[in-house]
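1. Prediction below, plus the sequence it came from.
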Amino acid sequence: MKKILILLTLNLCVWGANDVNAQSASQSGFKIPVDCVSIFETRKDELKRELAKIDEARQSLEAFRASSAALFEERNAKLAVKEAEINATLARAQEEKKQTEQLIKKNEEIVKELRTMTSDKVGEAYGKMKDQAAADVLSAMDRTDAASIMYSLSPKKISAIMAKMEPTAASEITLLIKQGPPFIKAEKNVTQEISPTSPDGPAGNLLNL
């Protein structure tokens, strides 16, 4: 700033000297020395004010740049933290989803195994029952449950039990066994009446399948 002030002063001295010399020469025909100090004193306050304005503007610009940079960095830092939180949440959600899918699959396998074990045990129990007793119990059951149990028995045992059933019950269970698992209860309008005197054998006999 001091260098600028000195240069401006020298320029003013030269300019003022030239201007005064020109005026004096035109009036008296000879040059008159110019007092540079008096010219400087006249313009000094004005130069200081201009330089103060320039310095103030520079400081304001630097302050604005600093505040803008700080705000930008703060915003970027907040965005980075938010992005990290979102990524962490997504990672946890994906891991939980994976664990849930594995748990569901494992539970399905366990349920399937339990159903198989239960079906085998039930089938084994009915296989040891007397034909009439098994026929009475199965006839009183829901047809789909009865078909599911009888499906696990041997063909010989199925035939013997059906021979002891009422024709209607034997017919409905026979239709379900024909469909195979999973068993869906047959509609009444598709149930066929089987005559006890059918030449093919007793009602529900496997010979009629």
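-> Looks like it arrived, so ask away. Numbers count the residues shown, from 1 in each chain.

2. Quick one: neighbours of I158, just the number.
-> 22 (other C-beta atoms under 10 Å). C-beta here means a position set from N, CA and C on the backbone, and glycine is covered the same way.

3. What of I161?
-> The burial count for I161: 29, using other C-beta under 10 Å.

4. per-residue confidence at it?
-> Here the pLDDT value assigned to I161 is 90.

5. Go through this protein and flag its longest helix.
-> As assigned by DSSP state H, the longest helix anywhere in the chain is helix 36-128.

6. following that one, which helix or strand comes up?
-> helix 131-140 (DSSP states H and E).

7. Which SSE is immediately downstream of that following helix?
-> Assigned by DSSP H and E, the successor of helix 131-140 is helix 143-151.

8. Go through that following helix and flag the buried ones.
-> 143-144, 146-151 (16 or more other C-beta atoms under 10 Å).

9. likewise stretch 171-179?
-> Result for stretch 171-179 [16+ other C-beta under 10 Å]: buried residues 171-177.

10. average pLDDT for that stretch?
-> 87.

11. quick one: low-confidence parts of the chain?
-> Low-confidence regions of the chain, defined by pLDDT under 70, span residues 1-42, 110-111, 113-120, 183-209.

12. domain ranges for it?
-> Annotated domains of the chain cover 39-112, 129-179 [the TED database].

13. and the buried residues of helix 143-151 as JSON lines, adding distance to V137?
-> Output for the buried residues of helix 143-151, formatted as JSON lines (distance: C-beta to C-beta, whole Å):
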{"residue": "R143", "distance to V137": "13"}
{"residue": "T144", "distance to V137": "15"}
{"residue": "A146", "distance to V137": "9"}
{"residue": "A147", "distance to V137": "14"}
{"residue": "S148", "distance to V137": "14"}
{"residue": "I149", "distance to V137": "9"}
{"residue": "M150", "distance to V137": "11"}
{"residue": "Y151", "distance to V137": "16"}
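
14. And those, which two are furthest apart?
-> Using C-beta to C-beta, these span at most 12.1 Å, a distance reached by R143 and Y151.

15. Which residue lies closest in space to Q132, excluding its sequence neighbours?
-> K164 (4.7 Å; C-beta to C-beta, 6 or more residues apart in numbering).

16. any idea how far the one you found lies from K157?
-> 11 Å (C-beta to C-beta, to the nearest Å).

17. any residues in contact with both of these two?
-> Common contacts of K164 and K157, defined by C-beta atoms under 8 Å, 6 or more residues apart in numbering, comprise D131.

18. quick one on the thing from earlier: closest one of the buried residues of stretch 171-179 to L138?
-> For these, the nearest to L138 is I173 (7.3 Å; C-beta to C-beta).

19. from what I can see the closest one touches T144, true?
-> No: with contact defined as C-beta atoms under 8 Å, I173 does not count as touching T144 (9.2 Å).
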